[in-house]
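Novice: sharing a sequence plus its predicted fold:
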Amino acid sequence: MNEKTVKDTQVIMHELILPNDTNLLGNVLGGRVMHLMDMCAAMSAYKHARTAVVTASVDQLDFLAPAKMGDIMILKSSVNYTGKSSMEVGVRIESENPKTGAMYHTSSAYLTFVSLNDNGKPQGVPMVTPETDEEKRRFEEGEQRYHQRRDRLKKGR
Ligand SMILES: CC(C)(COP(=O)(O)OP(=O)(O)OC[C@H]1O[C@@H](n2cnc3c(N)ncnc32)[C@H](O)[C@@H]1OP(=O)(O)O)[C@@H](O)C(=O)NCCC(=O)NCCS
């Protein structure tokens with residue numbers, strides 16, 4: 001199976017935060033952020049696997065700062081690590097104030113997607129090849145999290 005680079009899986013999404021996306025304080029709803037995060041990360045997984053994929057898990061998700069109505073949310077994702085049929089995708093979200101251009105980090109998360117065949121069963125994905133130092137660091141950290149998840153799942157069964 002051919003190897004693929006992290007660059008092949010990079011996705012950048014922009015979303016304007018509108019009144020319908022916010023709570024009474026004018027802050028974006030957490031559920032809206034989670035939905036956009038899942039969409040962005042799924043596209044990275046699709047670009048890597050070129051098959052149907054499902055979200056298997058989302059690791060700890062912290063909302064570090066509120067994004068406000070009228071801000072531009074910028075979501076960036078790429079595949080950090082690949083197992084046999086699973087892919088860990090990292091997503092980072094920043095918000096941009098459209099008037100000042102000020103950017104701030106609002107949340108990050110790791111999502112695991114699994115590639116499925118036509119019968120809905122897990123199937124192998126190409127290995128992801130990290131190229132830059134940062135990609136190599138994320139790959140190594142992703143590998144550790146992959147083993148931690150497997151241990152957690154084994155204990156739960
Ligand atoms: C994800 C799913 C396909 C895994 O199926 P399964 O029969 O348990 O598969 P396996 O135990 O053979 O594991 C297949 C891979 O998935 C990974 N995996 C399974 N459950 C996982 C979880 N909760 N978190 C992270 N990875 C998981 C395994 O580590 C394995 O990875 P590898 O092939 O890279 O080593 C299955 O649990 C499923 O369909 N879940 C529902 C997904 C869904 O509907 N998502 C939408 C949001 S609710």
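Specialist: Received it, and whenever you're ready, just let me know what you need.
Novice: every contact and neighbour count from this point should use C-alpha atoms.
Specialist: Will do.
Novice: all helices of the protein, in order?
Specialist: Along the chain, the stretches classed as helices by DSSP state H are 30-49, 133-156.
Novice: off-centre distance for the longest one?
Specialist: For helix 133-156, the gap between its own C-alpha mean and the chain's C-alpha mean amounts to 14 Å (C-alpha atoms, centre = their mean, to the nearest Å).
Novice: same check, this time on stretch 5-14
Specialist: Taking the mean of its C-alpha atoms, stretch 5-14 sits 10 Å from the chain's own mean (C-alpha atoms, centre = their mean).
Novice: gap between the two ends of that stretch?
Specialist: 23 Å (C-alpha to C-alpha, to the nearest Å).
Novice: quick one: average confidence on that stretch?
Specialist: Mean per-residue pLDDT for stretch 5-14: 98.
Novice: next: stretch 68-78.
Specialist: Within the predicted structure, the mean pLDDT of stretch 68-78 is 98.
Novice: residues in contact with R145?
Specialist: Residues in contact with R145, defined by C-alpha atoms under 8 Å, 6 or more residues apart in numbering, are absent; none qualify.
Novice: so how far is the ligand from the residue nearest to L29 when sequence neighbours are not counted?
Specialist: Counting by C-alpha to C-alpha, 6 or more residues apart in numbering, L29 lies nearest to T22, which is 5.1 Å off, once chain neighbours are set aside. Counting by C-alpha to the nearest ligand atom, to the nearest Å, the separation of T22 from the ligand is 23 Å.
Novice: does the lengthiest strand in the chain come close to the ligand?
Specialist: Ranked by residue count and defined by DSSP state E, the top strand of the chain is strand 103-116. Yes. Using C-alpha under 6 Å from any ligand atom, strand 103-116 reaches the ligand at T112, V114.
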